[in-house]
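Student: Quick one: sequence and predicted model below, then my questions.
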Amino acid sequence: MTIKDYDKIISKRLKSSRYKHSKNVAKEAVRLAKKYGGDTEKAEIAGILHDITKEADEEEHMELIQRAGIELTDMERSSPKLWHAISGSAYIRVELGITDEDIINAVRYHTTGRAGMSLLEKIIFLADFISADRDYEGVDKMRKFADKGLDIGVLEGMAFTVSDLASRKITIAPDSFAGYNELASRLGR
């Protein structure tokens, strides 16, 4: 399949604002891949597909996850905001036939991050955080961190996420803590 094929698929699955966001993430992912030596084609594919199941209902999420043989942890099961990343990785594997584990993992971990992230995973995590349509307080600062260094940008994104979720008393994925701790330790923070 080509990027145009993937674009057609997501345009049918997502409302216009989410579709626009996916296009923006793909564009930002390509920019980051060029800047940090990543594969631009894989970055564009993972970027355009990262939210492919964002608007699915609970039944579709669970069906996709089950069909892909993914077992949810108790925390994941009780955190519906994480389902689209997990079911999205299942969808692109099962429905689209994508076998590239790097693309699958980039979709799977684009919301939480994790320890041992690949270059592509970091690019998609950060591209989703700073795409052109993002307008949360602090996004300009986050974009500056992203341009200083990929790991610095990802670390700041993870710190922002952990802080935001903790301030709202929302569960935080263990993968987010593991990714944060790994980068903070490596970068000497």
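Tutor: Perfect, thanks for sending it. Only a predicted model underlies this, so the values are computations on that prediction, with no experimental measurement involved.

Student: What score does Glu182 have for pLDDT?
Tutor: We note a pLDDT of 95 for Glu182 in this prediction.

Student: That one: helix or strand, and which one exactly?
Tutor: helix 174-186 (DSSP states H and E).

Student: Also Leu32?
Tutor: helix 16-36.

Student: which other residues reach the helix or strand just after that helix?
Tutor: Going down the chain from helix 16-36, the next helix or strand is helix 40-49, by DSSP H and E. Identification of contacts with helix 40-49 by Cβ atoms under 8 Å, 6 or more residues apart in numbering yields 3, 6-7, 10, 22-23, 25-30, 32-34, 88, 92, 96, 98, 100, 102-103, 106-107, 110, 120, 123-124, 127-128. (C-beta placed from N, C-alpha, C; glycine too.)

Student: So which bits of the helix holding Leu32 are buried?
Tutor: For helix 16-36, the neighbour count (16 or more other Cβ atoms under 10 Å) marks 18-19, 21-33, 36 as buried.

Student: downstream neighbour of the helix or strand bottoming out on mean pLDDT in the chain in the secondary structure list?
Tutor: Lowest mean confidence among the helices and strands of the chain (mean pLDDT, DSSP states H and E): helix 74-77, at a mean of 91. Sequence-wise, the next helix or strand downstream of helix 74-77 (DSSP H and E) is helix 80-94.

Student: any idea how far the residue nearest the centre of the chain lies from Tyr91?
Tutor: Closest to where the C-alpha atoms of the chain average out (Cα atoms, centre = their mean) is His110, at 1.7 Å. Per Cβ to Cβ, to the nearest Å, His110 is found 13 Å from Tyr91.

Student: Could you do Ser118 as well?
Tutor: 20 Å.

Student: of these two, who's got more company?
Tutor: Between Ser118 and Tyr91, counted using other Cβ atoms under 10 Å, Tyr91 has the larger neighbour count: 25 against 17.
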